[in-house]
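>>> Give me the fold of what follows.
(chains A and B)
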Amino acid sequence: MKLYETTVIYDPGLEEARVNEEVDRVTQAITQAGGEIAEVQRWGKRKLAYMIGKRRDGTYVHVKHKSPATLIAEMDRRFRLNEGILRHLTVVAPKESPKTEEPAKEGESSEKAAADGESAAVTV
Amino acid sequence: MARDGESRSFRRKFCKLCFDKVERIDYKDDRRLTRFITDRGKIVPRRISGTCARHQSQITEAVKRARILALLPFTSEQYR
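Here you go, the predicted model:
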């Protein structure tokens, strides 16, 4: 079994209890199918980079899990039918995933400025 | 001010990710990825950012995944 990373964006209108329920259902489905949960990360409510179906925010949940390949297709199908889910993505996790830290860290603003300056110099 | 010839300094470009010794670029790391998209949301080409081939292909994949998860924009809203 491969290690997968699944990220699901739930409707921000759902209460926390509902989201927990949904997440439990997903984790249960994985363990029932003979997989195992490596990690569950809740990123909470985040602003979306663009609107998805008139929503500006979404509740992000990120699950690392080992699952049989057949379950991935089934999960995908169920996510698509679930109206409380705005978006979902499952990818094969990198083999030796070194760090599992949550995103949004280390903003090296000076480097970003340098990169911007460079691109500006070429376009002008 | 001279426009083309002398005003442009020819500093050697280098891959900033190699410099930082980044092993793998994560699609969840949207802060890092914003450095490699333009204000319109396009992926910055190698010829401009100076990224090496290995890292550029990692960036491309990561940006595309991040876009699906609405961590990065497909396009900037104001240009729509």
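>>> and chain B, which residues reach chain A?
Contact residues, chain B versus chain A (C-beta under 8 Å from any C-beta of the partner chain): B:8, B:13, B:16, B:23-24, B:26-32, B:34-36, B:38, B:44, B:48-50, B:65, B:67-75, B:77. (Glycine included, C-beta is placed from N, CA and C.)
>>> Repeat the analysis, applying 6 Å as the threshold.
Counting by C-beta under 6 Å from any C-beta of the partner chain, the residues of chain B close to chain A are B:24, B:28-31, B:35, B:48, B:68-70, B:72-73.
>>> Drop anything exposed from those.
Buried members of these, scored by 16 or more other C-beta atoms under 10 Å in any protein chain shown, are B:28-30, B:35, B:48, B:68-70, B:72-73.
>>> could you redo those as JSON lines and give each row pLDDT and secondary structure?
JSON lines is the format used below for these (pLDDT from 0 to 100; DSSP: H, G, I helix; E, B strand; the rest coil):
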{"residue": "B:Lys28", "pLDDT": "92", "secondary structure": "coil"}
{"residue": "B:Asp29", "pLDDT": "90", "secondary structure": "coil"}
{"residue": "B:Asp30", "pLDDT": "89", "secondary structure": "helix"}
{"residue": "B:Arg35", "pLDDT": "91", "secondary structure": "helix"}
{"residue": "B:Ile48", "pLDDT": "91", "secondary structure": "helix"}
{"residue": "B:Ile68", "pLDDT": "95", "secondary structure": "helix"}
{"residue": "B:Leu69", "pLDDT": "95", "secondary structure": "coil"}
{"residue": "B:Ala70", "pLDDT": "94", "secondary structure": "coil"}
{"residue": "B:Leu72", "pLDDT": "94", "secondary structure": "coil"}
{"residue": "B:Pro73", "pLDDT": "93", "secondary structure": "coil"}
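>>> Can you spell out which helices and strands pack onto the helix ranked longest in chain A?
The longest helix of chain A (DSSP state H) is helix A:16-32. The contact analysis (3 or more C-beta pairs under 6 Å, 6 or more residues apart in numbering or on different chains; DSSP states H and E) places helix A:16-32 against strand A:55-67.
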